[in-house]
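Chemist: How does the following fold in three dimensions:
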Amino acid sequence: MVRTRWEGAIWHSNMATNPSLPPISRRPIIMLIIMLILGIAIGLLVGFVVLVVALAKIGGSFLS
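Modeler: Residues are numbered from 1 along each chain as shown. Prediction:
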């Protein structure tokens, strides 16, 4: 069952008001995992860029 973000928001608001609906226990875990992976990827990318810039500055100072 594929839900759009809008349907998911409606679904979650319905769950808050209507407890008889079946709970979705897996979706938040999947979202957390995706956010974690994205955070790690962005962190690695930023770290890599900072490392390259630092190495370029060090290399430039050595060359000059």
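
Chemist: Buried residues in the longest helix anywhere in the chain, which are they?
Modeler: When the chain is scanned for its longest helix (criterion: DSSP state H), the result is helix 26-63. When burial is assessed from 16 or more other CB atoms under 10 Å, helix 26-63 yields no buried residues. In this view, the C-beta of every residue, glycine as well, is placed from N, C-alpha and C.

Chemist: And it, what does it pack against?
Modeler: When contacts are defined as 3 or more CB pairs under 8 Å, 6 or more residues apart in numbering; DSSP states H and E, helix 26-63 packs onto no helix or strand at all.

Chemist: What's the mean pLDDT across it?
Modeler: What helix 26-63 shows for mean pLDDT is 88.

Chemist: can you offset everything so residue one is 19?
Modeler: With the count now opening at 19, the last piece we talked about shows up as helix 44-81.

Chemist: give me every residue that touches Val64.
Modeler: When contacts are counted by CB atoms under 8 Å, 6 or more residues apart in numbering, Val64 is found next to no other residue.

Chemist: In PDB, list the C-alpha atoms belonging to stretch 54-68.
Modeler: Once non-C-alpha atoms are left out, stretch 54-68 reads as follows in PDB (Å, rounded to 0.1, in the frame of the first residue of the first chain):
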ATOM      1  CA  LEU A  54      19.500   8.600   9.500                       C
ATOM      2  CA  ILE A  55      21.000   7.500   6.200                       C
ATOM      3  CA  LEU A  56      20.400  10.900   4.700                       C
ATOM      4  CA  GLY A  57      22.100  12.500   7.700                       C
ATOM      5  CA  ILE A  58      25.100  10.300   7.500                       C
ATOM      6  CA  ALA A  59      25.400  10.900   3.700                       C
ATOM      7  CA  ILE A  60      25.100  14.700   4.100                       C
ATOM      8  CA  GLY A  61      27.600  14.600   7.000                       C
ATOM      9  CA  LEU A  62      30.100  12.600   5.000                       C
ATOM     10  CA  LEU A  63      29.700  14.900   2.000                       C
ATOM     11  CA  VAL A  64      30.200  18.000   4.100                       C
ATOM     12  CA  GLY A  65      33.200  16.400   5.900                       C
ATOM     13  CA  PHE A  66      34.700  15.400   2.500                       C
ATOM     14  CA  VAL A  67      34.300  19.000   1.100                       C
ATOM     15  CA  VAL A  68      35.900  20.500   4.300                       C
END
